[in-house]
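Engineer: return atomic coordinates for the entry below.
(2 chains)
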Protein chains: 2
Amino acid sequence: MSNTGIFAVIMAGGRGTRFWPASTNARPKQFMDLLGGGTMLQKTAGRFAGITGSDRVLVVTGVSHRRLVKQQLPLLPESNLLQEPVGRNTAACIGWAAETLRRRGYGESIMVVAASDHRIEPVEGFEETVRNAVTLAEKGYLCTIGIPPDYPATGYGYLQTGEEIKPGRLVKSFREKPDEQTASMYLKSGDYLWNSGMFIWKVDSFLEELKNYMPELYMGIQQLPDTTSPSREVYSALQSQSVDYGVMEKTRRAAVVPAMFQWSDIGDWPGAGRAGVSKGSSMLIDSENVLVYDETDRLTVVVGLNNVSVVSTGKALLVMSDSDAQKVREVVSRLEKTRPDLV
Amino acid sequence: MSNTGIFAVIMAGGRGTRFWPASTNARPKQFMDLLGGGTMLQKTAGRFAGITGSDRVLVVTGVSHRRLVKQQLPLLPESNLLQEPVGRNTAACIGWAAETLRRRGYGESIMVVAASDHRIEPVEGFEETVRNAVTLAEKGYLCTIGIPPDYPATGYGYLQTGEEIKPGRLVKSFREKPDEQTASMYLKSGDYLWNSGMFIWKVDSFLEELKNYMPELYMGIQQLPDTTSPSREVYSALQSQSVDYGVMEKTRRAAVVPAMFQWSDIGDWPGAGRAGVSKGSSMLIDSENVLVYDETDRLTVVVGLNNVSVVSTGKALLVMSDSDAQKVREVVSRLEKTRPDLV
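Structural biologist: Predicted structure coming up:
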C-alpha cells in the first residue's frame, strides 16, 4: 500500500467516565495503559503510523489534555494536534479535521478516522482491512469497517449490508443498539456487522456529504479560523451531533468492509475485562468473570461473586455488578458535587 | 448485687480468621475496635468490671497476645492474665481458669465465663441477667444465658428448655446449628433459646462436673504447675474439646436464664454488618445489606450488589458474598503458604 495520500485522524476526546475511578478528568482512559505495552492512544497511533507515516497522524483532543497527548506522542507534529475547547460530538470533530486537511491541500487524500480506545489485533489484519477500505474510498465511498459478530451483542450498533461492491458491500441501513432478540436475529441472518465507528473516505467526499446533510455544521466549520486551537466561543457554536446520525445514516455512498482482525470496544469495565484487562495481584475463590484492576500494591481477594468488577486506586474503590456498569456515570455525576477531588 | 465472690473469666484466645484481612495473627479481632468506643476486649472487660470489680476480672489469651492485652487493659493485675502457649479449646481454657481460682481459695466463688467478641446492650440488662444466673449458680447449677431468638438463625447452637427453676429453666438438651426448617420449628415452638456460650457457676460445681465427665482433662489440669504461663509441652498435652460437648451436654445440672439484653455474636463479617459495624466513607448505588469496612482513607463505592462485605486494609482487599463468609478461612489458609506477610 502506498503511503501517499493517507491520513489518520484519532479522536482522543472524552472523559472516560465509565472507567472511574482509574479514569479521571486529569487522565481519561485513552491516556491509560489498560492493556500493557503503552496507553490506548499510543497503541492506536502506533498502529496508524505504520500505515500513514508518523507525520500524517492527526489527534483531536480536549484542550485540557494537550499536555498528555504531547507527553505520550512526543513525535506528533504540533500542527497535527487539534484541540477542542469543548466537546461537540463526532460530526464536528471529524468535519473540523477534514476541513483542516483540505485547507492544507489534501482534499484528494484519504482520511482514516478512529477512536483511541479500541483494542485491535493483529496489526497485519488491520492494515489489510484498511487497504481494502481505501480502494472503496478512492471510488468516492464513505467506507466503514464492520466487525463480523461472534455473539448477539446488545452493546454495539449494527450495519445491515447490501449489494456487493468488492472488496466490501454497500450499507443498506444503520441500526442502533438492539435488544437481545433482535441481536440474535441479526447474528443468524449473516447480513449484519457491528459498527466499529471507524471511517475511511476521501477528505472531499466527506465534506461534500457533510455539506449535503448537515449544511449548518458545514458552514460553521468553513468559518473556523485557521488554528489548531479555536476559541470556546466559536467552537461551541457548532452543532453537536454524531457523524453516524448526521451523515452516515443519510448518505447513499455508505460502504463497509469486513474487519480482518479481532476487535473490542473497551467501553466499560466489563468490556475491559473481556478484552483481558487486569492489574495487580488477585485471588479468586468460587468466583468467575471477575475483573480486578488495582493500582495500589495490595492483594485483592474475591469470594463467591460472579460478573463483578473491582477497581482500586489510591483514592477510591469501586465494586460493581457488571450488569450495572453504566451506572458509574451516576457515581461520577454525584461525586462532581460532593467530592470533586475524586473525579 | 454484692461483688463479693464473683469473678469474670474472659476468653480472648483465637485468631479471628474470619475477620481477615482486618484481623491478623498480629492483631486478632478481639483486639480491634470494630464497633467504636473501644476494642471488643475492652468493652467486655468494662462490662464485667462493673459487676465483679476490676481486680476480679481474669483474661485467658494466647501467649503471643499478652502484650496486646496488657496494652488494652492496663489495670488488669498481672496474676489475672492466663497465657495459653497453644489453644486447647474451651473445656481446657475454662477448666484451667477454674482450677486457678480454686487454688487461690475461691472454690466457693461464682465465675462468669464469656467470650470477648460478643456485642451486648444495654449493660443494665446484662447485669440483671447475670444476677439471675448467679442465684441459680449459688444453688449448684451450671447456668448458661439463652438468647430469645428473633429469627430462625442457622448460625447458632440452641438450648431446649425444660422444667422451670425460677428465675430460669433447666436445659433439656443442647442442639447444634440447625438447618433452616429445624430453626423455624425451634422459633415457633417457643421452647428454644440461642446458646450464647456464656456460663455462670460456682468454681467447685464446674470442677466437679469436669471431673465427672472429662476425668482425663480434669487430671491434666490438676497437674498444671502454679503459673499463669505454663509451658507448651505441658499445656498441649491437655485434651482439646469444647465445654459444651465435654460437660454441658452431659451434666444434669445445666440451667439457663433468658437474656434481658440485645446480643450479637460478631462471628464473621456479615454478622458484624448486622451488628452495625462500619468504617470509612462509602457510597452505595442500588445496593443493600453491604458492609464496608475500610481502614484506608479512600471512598468505597458499591454498585448493584446486595449482601456483600467489602473490607479494605493497607495490604489487602476482600470482596465477598455474605453467603460465603466461612470461606475466608480458606483464603487465610492459602495465604499462610503463599503470603504469610498478609495473615
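
Engineer: which non-adjacent residue is nearest the most centrally placed residue in chain A?
Structural biologist: A centroid search over chain A (C-alpha atoms, centre = their mean) returns residue A:115, at 2.4 Å, as the residue closest to the centre. In space, and not counting its chain neighbours, residue A:115 is closest to residue A:11: 5.3 Å by C-beta to C-beta, 6 or more residues apart in numbering or on different chains. All C-beta atoms are positioned from the backbone trio N, CA, C, and that covers glycine.

Engineer: and for residue A:27?
Structural biologist: Of all residues not flanking residue A:27 in the chain, residue A:68 sits nearest, at 6.9 Å (C-beta to C-beta, 6+ apart).

Engineer: how about the secondary structure of the one you found?
Structural biologist: Put simply, residue A:68 is helix when judged by DSSP: H, G, I helix; E, B strand; the rest coil.

Engineer: which non-adjacent residue is nearest the closest residue to chain B within the stretch 1-150 of chain A?
Structural biologist: The minimum distance from the stretch 1-150 of chain A to chain B, using C-beta to the nearest C-beta, falls at residue A:21 (7.7 Å). In space, residue A:21 comes closest to residue A:316 once its chain neighbours are excluded; the distance is 3.9 Å by C-beta to C-beta, 6+ apart.

Engineer: list the buried residues for the helix or strand containing residue A:131?
Structural biologist: Assigned by DSSP states H and E, residue A:131 falls within helix A:123-137. With burial defined by 16 or more other C-beta atoms under 10 Å in any protein chain shown, the residues of helix A:123-137 counted as buried are A:126-137.

Engineer: equivalent analysis for stretch A:53-73, please.
Structural biologist: Residues of stretch A:53-73 classed as buried under the neighbour-count rule (16+ other C-beta under 10 Å) are A:54, A:56-63, A:65-66, A:68-69, A:72-73.

Engineer: residues contacting residue A:252?
Structural biologist: By C-beta atoms under 8 Å, 6 or more residues apart in numbering or on different chains, the contact list for residue A:252 is empty.

Engineer: from chain B, how far out is it?
Structural biologist: Distance of residue A:252 to chain B, computed by C-beta to the nearest C-beta, to the nearest Å: 44 Å.

Engineer: that residue: what secondary structure?
Structural biologist: Residue A:252 - assigned by three-state DSSP - is coil.

Engineer: and it, its phi and psi?
Structural biologist: Dihedral pair for residue A:252: phi -90, psi 0, per degrees, to the nearest 10.

Engineer: before we move on, back to that, from the buried residues of stretch A:53-73, which land in helices?
Structural biologist: Under the assignment DSSP state H, the buried residues of stretch A:53-73 contribute A:66, A:68-69, A:72 to helices.

Engineer: between the residues you listed, which is nearest residue A:165?
Structural biologist: Nearest to residue A:165 among those, counting by C-beta to C-beta, is residue A:69 at 36.4 Å.

Engineer: is the closest one in contact with residue A:59, as I believe?
Structural biologist: Yes - the pair residue A:69 / residue A:59 is scored as a contact, 5.5 Å apart, by C-beta atoms under 8 Å.

Engineer: if I look at these two, which residues touch both of them?
Structural biologist: Jointly contacting residue A:69 and residue A:59 under the rule C-beta under 8 Å, 6+ apart are A:12, A:41, A:76, A:81.

Engineer: distance of the first one relative to residue B:294?
Structural biologist: Here the distance between residue A:12 and residue B:294 works out to 34 Å (C-beta to C-beta, to the nearest Å).

Engineer: the two: which has the busier surroundings?
Structural biologist: Higher neighbour count among residue A:12 and residue B:294: residue A:12, with 28 against 20, using other C-beta atoms under 10 Å in any protein chain shown.

Engineer: who in chain A is up against chain B?
Structural biologist: Proximity of chain A to chain B (C-beta under 8 Å from any C-beta of the partner chain) is limited to residues A:21, A:283, A:285-286, A:294, A:298-305, A:308, A:310, A:312-321, A:323-324, A:327-328, A:330-331, A:334-335, A:339, A:342.

Engineer: filter the residues you listed down to the buried ones, PyMOL style.
Structural biologist: What follows is the PyMOL syntax for the buried subset of those, where burial is set by 16+ other C-beta under 10 Å:
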select buried, chain A and resi 21+283+285+294+298+299+300+301+302+303+304+305+308+310+312+313+315+316+317+318+319+320+321+324+327+328+331+335+342
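
Engineer: residue ranges with poor pLDDT in the stretch 201-343 of chain A?
Structural biologist: Under the criterion pLDDT under 70, no range of the stretch 201-343 of chain A is flagged.

Engineer: strands of that one, start to end?
Structural biologist: A:254-258, A:262-265, A:281-285, A:290-294, A:299-303, A:308-312, A:316-321 (DSSP state E, counting those that start in this stretch).

Engineer: for the second one, name the packing helices and strands.
Structural biologist: By that I understand strand A:262-265. strand A:118-121, strand A:192-202, helix A:269-274 (3 or more C-beta pairs under 8 Å, 6 or more residues apart in numbering or on different chains; DSSP states H and E).

Engineer: now it: buried residues?
Structural biologist: Per 16+ other C-beta under 10 Å, strand A:262-265 contains these buried residues: A:263-265.

Engineer: tell me which residue of the stretch 51-200 of chain A lies closest to chain B.
Structural biologist: Distance from chain B to each residue of the stretch 51-200 of chain A (C-beta to the nearest C-beta) is smallest for residue A:155, at 16.5 Å.

Engineer: and the residue nearest to residue A:21, what is it in contact with?
Structural biologist: Contacts of residue A:316 (C-beta under 8 Å, 6+ apart): A:20-21, A:342, B:298-301.

Engineer: what's the closest of these to residue B:182?
Structural biologist: The shortest gap between residue B:182 and any of those belongs to residue B:300, at 37.1 Å (C-beta to C-beta).

Engineer: on that earlier part again, tell me the one among the ones in helices among the buried residues of stretch A:53-73 nearest to residue B:206.
Structural biologist: residue A:68 (72.0 Å).

Engineer: from the ones in helices among the buried residues of stretch A:53-73, pick the one nearest residue B:160.
Structural biologist: Closest to residue B:160, out of all of those and judged by C-beta to C-beta, is residue A:68, at 69.8 Å.

Engineer: now do the closest one against residue B:158, distance only.
Structural biologist: Taking C-beta to C-beta as the measure, residue A:68 falls 63 Å from residue B:158.

Engineer: contact partners for residue A:148?
Structural biologist: For residue A:148, the contact set (C-beta under 8 Å, 6+ apart) comprises A:193-194, A:258-259.

Engineer: and the two most separated of those residues?
Structural biologist: Within the contacts of residue A:148, A:194 and A:258 form the most distant pair, 10.3 Å apart (C-beta to C-beta).

Engineer: the residue of the stretch 1-150 of chain A closest to chain B and residue B:172, how far apart?
Structural biologist: 56 Å.

Engineer: now do the SS call for residue A:107.
Structural biologist: Secondary structure state of residue A:107, per three-state DSSP, is coil.

Engineer: you'd agree it is up against residue A:99?
Structural biologist: No - at 9.7 Å, residue A:107 does not count as touching residue A:99 under the criterion of C-beta under 8 Å.

Engineer: helices of the stretch 101-250 of chain A, residue ranges please.
Structural biologist: Counting by DSSP state H, counting those that start in this stretch, the stretch 101-250 of chain A has helices at residues A:123-137, A:180-189, A:203-213, A:215-222, A:232-235, A:243.
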